[in-house]
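K.L.:
How does the following fold in three dimensions:
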Amino acid sequence: VFEERMEGVRSEAEHNVHHAMMRAHRRPVAVSVHIDEMPHHAVEAGTCHHICAFFGSFGFFVQFVLAVLSFSALLFKRYQENPRRPISIFRLDALKNGLGASLVHFINIWISIRLARGTDPCPWYLIQIVLDTTVVIFANYMLLRWLESWLLTLFNIDVTSGNYGVPPSLQRWLQQLGVWFVVIMVCKIAMVVLLVTAQTGLSNVATLILSPLCFNPHLELFIVLVLLPLILNAFSFWVMDDYLKFSTDEGLGDYGKLGTGGG
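P.N.:
Sure thing, here's the model as predicted:
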């Protein structure tokens, strides 16, 4: 009887082991692919195994660093001014500039992901940041000045950027912010049309430029979202601040009525 029981236990154990091995055989196995294991034609075609993640923990950290450093450029610019804007005016100018830049940044990320279609979106973000800080920044200025003149002529609405009245009016600031957002969106739509029209050529150029980095997504993300934008955005913030703030040929003009420069 004992031998029969042991034989039954042995048979059941062998059956369980065999069943487990069959299940393991059918289960998908995750394989880590290295660049030297990838097909040669895939490397030549610029196909990246890794994709930079805008919304991962590292991606959020990188974007936070970019925001802090970009705003620091505005602080540095203010302390170089002579005469210096009152701090109350500077806050409104910087907030308008920062909100516009944030809108552009997240639109760029969305467009990059859409155009990438499951591939690496960093090349598309690179293309947009270069266009935003060169061609688009000039288009923004021209359209902003035209809208200011058009609204004043047709509707007698003064939305001259940076002129918030004395004392500064939140309503006037909101009106100027709305006009600035319209400028950004119109120019962004025009840029998207350009991107879609020349999609293949622009994608190939940007992918070629970033090809040495595309197998290190953290380094690629840092360069595309911090290093290059820091240089380009510092220039962009500086130029945009010049035409978003109120300018006058009489020194501080209305700013002088607000008292001291503060800070």
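K.L.:
Moving C-terminal from the strand or helix carrying residue 75, which element do we reach first?
P.N.:
Element membership of residue 75, judged by DSSP states H and E, is helix 57-80. The element immediately downstream of helix 57-80 (helix or strand, assigned by DSSP H and E) is helix 87-116.
K.L.:
packing partners for the helix or strand hosting residue 205?
P.N.:
Using DSSP H and E, residue 205 maps to helix 199-210. Contacts defined by 3 or more Cβ pairs under 8 Å, 6 or more residues apart in numbering; DSSP states H and E place helix 199-210 against helix 122-132. From N, CA and C alone the C-beta is placed, and that goes for glycine too.
K.L.:
What's the first helix or strand after the helix it packs on?
P.N.:
Using DSSP H and E, the helix or strand that follows helix 122-132 towards the C-terminus is helix 135-155.
K.L.:
what's the angle from the helix or strand following that next one to helix 87-116?
P.N.:
Using DSSP H and E, the helix or strand that follows helix 135-155 in sequence is helix 170-197. On the basis of axes from the mean of the first three to the mean of the last three Cα atoms, to 10 degrees, helix 170-197 is oriented at 20 degrees to helix 87-116.
K.L.:
buried stuff in helix 170-197?
P.N.:
Residues 172-173, 175-177, 179-180, 183-184, 187-188, 191, 195 are the ones in helix 170-197 that count as buried (16 or more other Cβ atoms under 10 Å).
K.L.:
ok, so of those residues, who is nearest residue 112?
P.N.:
residue 195 (9.7 Å; Cβ to Cβ).
K.L.:
Name all residues that make contact with the closest one.
P.N.:
111, 115, 124, 127-128, 202 (Cβ atoms under 8 Å, 6 or more residues apart in numbering).
K.L.:
Identify, from those residues, the entry nearest to residue 243.
P.N.:
For the contacts of residue 195, the nearest to residue 243 is residue 128 (20.9 Å; Cβ to Cβ).
K.L.:
From residue 88, how far out is residue 169?
P.N.:
Remark: distance between residue 169 and residue 88 (Cβ to Cβ, to the nearest Å) = 12 Å.
K.L.:
which of the two has more neighbours?
P.N.:
Neighbour count, other Cβ atoms under 10 Å: between residue 169 and residue 88, residue 88 has more, with 16 against 13.
K.L.:
Do I have it right that the more buried one meets residue 168?
P.N.:
Yes: shown here, residue 88 and residue 168 form a contact pair, counting by Cβ atoms under 8 Å, at 5.9 Å.
K.L.:
Quick check: mean pLDDT of stretch 115-126?
P.N.:
The predicted model assigns stretch 115-126 a mean pLDDT of 80.
K.L.:
Can you list the buried residues in that stretch?
P.N.:
Those would be 115-116, 119-126, for stretch 115-126 by 16+ other Cβ under 10 Å.
K.L.:
on that earlier part again, any chance of the contacts of residue 195 in JSON lines with distance to residue 162 as columns?
P.N.:
Formatted as JSON lines, those follow (distance: Cβ to Cβ, whole Å):
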{"residue": "111", "distance to residue 162": "29"}
{"residue": "115", "distance to residue 162": "35"}
{"residue": "124", "distance to residue 162": "33"}
{"residue": "127", "distance to residue 162": "31"}
{"residue": "128", "distance to residue 162": "27"}
{"residue": "202", "distance to residue 162": "35"}
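K.L.:
Which single one of the residues you listed is nearest to residue 138?
P.N.:
Taking Cβ to Cβ as the measure, residue 138 lies nearest residue 128 of the contacts of residue 195, at 15.5 Å.
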